[in-house]
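>>> Here's a sequence, model it:
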Amino acid sequence: MFWKRISYLCKSDRRAILTLLVLVAIACIAIYTLQNEGMESNPIPAQTATKQSEINIASKETDNKNDEPAKLNKELFYFDPNTADRDQLIRLGLQEWQVRNICKYRAKGGIYRSKEDFAYVYGLTVGQYRRLAPYIRISMNTCRHQLLQKLEIIKDITIMTKRNTPRKKQLK
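Model prediction:
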């Protein structure tokens, strides 16, 4: 059945299909032989393996030494996430991109009304939140002020839409 369908193709189409089949077969054979050559290579001697593990351990120790000063730079102090500036948030130990997320949220009109709201900052880990939670102090005046601003904006929008909507003509 298959051969009958192929016989209806013109000669150039049959050559193209045959060429593709040959190329696929060559690629499969090449992949198979390269994988087998990789398995037959000499294993790493035990002495070399121990030297490599010593190098890995030494590099981990230097990485830990580099992490310690970063931990020492973290300060803990009371802050309001609605009013804290960039420098204060960085001093608390937050990453630059986390601080940007907080600033973007506030710029779009976001308000942290409770400590738990701060836990939903994109990229803030549970450990970071647990470390900062006792130091979060949210001022109710800030929340009220921001809510009033939002209400005034909504009020202005509703007044503008009422002015712009056409009034229906009263039928007598």
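
>>> quick one: pLDDT of residue 106?
As predicted, residue 106 sits at a pLDDT of 89.

>>> hang on, residue 86 packs against residue 98?
No - counting by CB atoms under 8 Å, residue 98 is not a contact partner of residue 86; they are 10.9 Å apart. For the C-beta atoms, the positions are set from N, CA and C on the backbone; glycine is no exception.

>>> between the two, who's got more neighbours?
residue 98 (19 against 13; other CB atoms under 10 Å).

>>> For the residue lying closest to the more buried one once chain neighbours are set aside, the count of nearby residues, please.
Of all residues beyond its chain neighbours, the one nearest residue 98 is residue 123 (4.9 Å), with distances taken as CB to CB, 6 or more residues apart in numbering. Neighbourhood size, residue 123 [other CB under 10 Å]: 13.

>>> how about residue 123, what does it touch?
Residues near residue 123 by CB atoms under 8 Å, 6 or more residues apart in numbering: 95, 97-98, 101.

>>> Include distance to residue 137 and secondary structure when you put these into TSV, please.
Formatted as TSV, the contacts of residue 123 follow (distance: CB to CB, whole Å; DSSP: H, G, I helix; E, B strand; the rest coil):
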residue	distance to residue 137	secondary structure
95	22	coil
97	24	helix
98	19	helix
101	21	helix
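
>>> Just the closest of those to residue 21, please.
Nearest to residue 21 among those: residue 97, at 50.7 Å, using CB to CB.

>>> Could you say which helix or strand holds residue 87?
Applying DSSP states H and E as the criterion places residue 87 in helix 86-91.

>>> Contacts for that helix, please.
For helix 86-91, the external contacting residues (CB under 8 Å, 6+ apart) are 73-75, 77, 79, 96, 98-99, 102-103.

>>> most neighbours, which of those residues?
residue 102 leads the contacts of helix 86-91 on contacts (other CB under 10 Å) with 22 neighbours.

>>> gap between the spatially closest residue to it that is not a sequence neighbour and residue 107?
Counting by CB to CB, 6+ apart, residue 102 lies nearest to residue 121, which is 5.8 Å off, once chain neighbours are set aside. Using CB to CB, to the nearest Å, residue 121 is found at 14 Å from residue 107.
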